[in-house]
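*Asks:* quick check, what structure comes out for this input:
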Amino acid sequence: MKCLRKIKNRRIASIVGYASSWISMAMVACVCLLILLVVFINGKSAISIPFLIEEPSASVMDPEAMGGISTPLIGTMILTAVGTAAAFPISLSTAVFMVYYAKKGLAGASIGLATDILAGIPTIVIGLFALAVFTDPAFTFLSTPVQNDGGVVLKAYGKSFLSAGAAMAAMILPFVAKAMYEALSRTPQSHFDGSLALGATKWQTIRKVSIPAARGGIVTGMILGMGRIMGDTAIVWLALGGSLRMTGRQPWHRPENWIDALRNTGSTLTSYIYYTSPVGEGNNLEAAFGASLVLICVIIALNAAAALIGSIGDSKKGWQ
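*Replies:* Prediction:
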């Protein structure tokens, strides 16, 4: 009797666990689909060729003359590229050190703790930190000087694509480093030992064997980090500025003006959404939902690329 009762209890627990998993999955899927549906219904009418290729108007107060999202869309891509380029070498170096050098010592524990703390810092705090640091005259090369005395810079503006990109790199660094750490940790130890047995040094093995073998996971981590950059608003507001159009020397798209454009302010899709929505300075929900739909499509494409790269790693390596 006791055995039958135990078997019955196990079956009930199994059914309850299975049902709970499906209910939780269905709830998450429904919330996601509801958000996508609301954004699509309210934003599809705003999507058009002019909306995608025209610049936004200088003012967001007139809903009839909002313009398009070309510069916010380009600004999103620029900021993502700058933040990704700054975060990639630091994240990869941190992951390599954690996997192959720190092991379980004090250094590894300290870096792990620091990474966890950095991951928990709110983005608005990172933005405030960036604004406080990058206004120092030593960082004038990242933005533009705003105070000088006889040619001596006393204060930098602190807001630019370069400044915001550095802050974004700090924001995504712990998440990307963790993803790279997991990818490197899953590389077969036999590959590493075999390379050492053939006479390669430890660094040569890491550079020629381990990193290429973990390429899928490394790229996936960077793509997910890019998605976080695209979706952030607090750092954009504090470290990039509030102008909807590109500032600096015009036309900004000429190659000779690219560096100056990076050192000046601009906008992203998230800041455009804020400005055009009622919570910001505008009152154009259609444009806000249209920009939201474009942003969601870009992020979905990035996540699809991450899934594709991960599946390629699975099918070819069997351990990614």
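
*Asks:* point out where the stretch 101-250 of the chain drops to low pLDDT.
*Replies:* Confidence mapping of the stretch 101-250 of the chain against pLDDT under 70 gives the ranges 103-105, 147-153.

*Asks:* repeat that for 90
*Replies:* Along the stretch 101-250 of the chain, the model assigns pLDDT under 90 to residues 101-123, 127, 130-132, 134-159, 179, 181-228, 230-250.

*Asks:* so which residues of it form strands?
*Replies:* All strands of the stretch 101-250 of the chain, identified by DSSP state E, counting those that start in this stretch, fall at 145-149, 152-156.

*Asks:* okay, now residue 87: neighbour count?
*Replies:* Other residues lying near residue 87 total 27 when counted by other CB atoms under 10 Å. Every residue, glycine included, has its C-beta placed from N, CA and C.

*Asks:* helix or strand for it, just tell me which one.
*Replies:* In the assignment (DSSP states H and E), residue 87 maps to helix 70-97.

*Asks:* please name every helix or strand in contact with that helix.
*Replies:* Helices and strands touching helix 70-97, by 3 or more CB pairs under 8 Å, 6 or more residues apart in numbering; DSSP states H and E, are helix 49-53, helix 106-120, helix 161-185, helix 215-231, helix 269-276, helix 285-317.

*Asks:* dump the ones you listed into CSV; add distance to residue 129 and mean neighbour count as well.
*Replies:* Below are these laid out as CSV (distance: least, CB to CB, whole Å; neighbours: other CB atoms under 10 Å):
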stretch, distance to residue 129, mean neighbour count
helix 49-53, 34, 12
helix 106-120, 11, 13
helix 161-185, 8, 24
helix 215-231, 17, 22
helix 269-276, 19, 25
helix 285-317, 25, 18
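
*Asks:* among the ones you listed, which is nearest residue 80?
*Replies:* helix 215-231 (4.8 Å; CB to CB).

*Asks:* what does that closest one contact?
*Replies:* If you take CB atoms under 8 Å, 6 or more residues apart in numbering as the criterion, helix 215-231 is touched by 76, 79-80, 83-84, 87-88, 91-92, 168, 171-172, 175-176, 178-180, 182-184, 186, 211, 268-270, 295, 298-299, 302-303, 305-306, 309-310, 312-314, 317, 320.

*Asks:* now the angle between helix 161-185 and it, please.
*Replies:* On the basis of axes from the mean of the first three to the mean of the last three CA atoms, to 10 degrees, helix 215-231 is oriented at 150 degrees to helix 161-185.

*Asks:* and helix 215-231, how far out from the chain middle?
*Replies:* When distances are taken as CA atoms, centre = their mean, to the nearest Å, helix 215-231 is centred 7 Å away from the chain's centroid.

*Asks:* try stretch 33-40
*Replies:* Taking the mean of its C-alpha atoms, stretch 33-40 sits 22 Å from the chain's own mean (CA atoms, centre = their mean).

*Asks:* one more: stretch 172-184?
*Replies:* 13 Å.

*Asks:* and the contacts of it?
*Replies:* 83, 87-88, 90-92, 94-96, 98-100, 115-116, 118-119, 210-211, 214, 216-218, 220-222, 224-225, 228-229, 320.

*Asks:* same deal with stretch 40-59?
*Replies:* Applying CB under 8 Å, 6+ apart, the set of residues contacting stretch 40-59 from outside is 65-73, 244-245, 267, 272, 285-294.

*Asks:* pull out the buried positions in that stretch.
*Replies:* For stretch 40-59, burial by neighbour count (16 or more other CB atoms under 10 Å) applies to 42, 43, 46, 47, 51, 56.

*Asks:* kindly report the same for stretch 230-243.
*Replies:* If you call a residue buried by 16+ other CB under 10 Å, then stretch 230-243 has these buried ones: 230, 232-243.

*Asks:* kindly export it (C-alpha atoms) in CSV.
*Replies:* Extracted as CSV, the C-alpha positions of stretch 230-243 are listed here (Å, rounded to 0.1, in the frame of the first residue of the first chain):
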residue,chain,number,x,y,z
MET,A,230,19.1,49.5,-28.3
GLY,A,231,16.5,49.3,-25.6
ASP,A,232,18.0,51.6,-23.0
THR,A,233,16.7,55.1,-22.4
ALA,A,234,18.3,56.4,-19.1
ILE,A,235,21.9,56.4,-20.4
VAL,A,236,20.8,57.9,-23.7
TRP,A,237,19.0,60.7,-21.9
LEU,A,238,21.9,61.5,-19.6
ALA,A,239,25.0,60.7,-21.7
LEU,A,240,23.9,61.3,-25.3
GLY,A,241,21.6,64.3,-24.9
GLY,A,242,18.1,65.4,-26.0
SER,A,243,18.5,66.6,-29.6
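
*Asks:* returning to what we had before: which ones among the buried residues of stretch 40-59 map onto helices?
*Replies:* Of the positions in the buried residues of stretch 40-59, 42, 43, 51 sit in helices, assigned by DSSP state H.

*Asks:* ok, the nearest residue to the second one once chain neighbours are set aside to residue 45 distance?
*Replies:* When you say that, I think you mean residue 43. Closest residue in space to residue 43, ignoring its immediate chain neighbours: residue 289 at 3.3 Å, by CB to CB, 6 or more residues apart in numbering. In this view, residue 289 and residue 45 are 9 Å apart by CB to CB, to the nearest Å.
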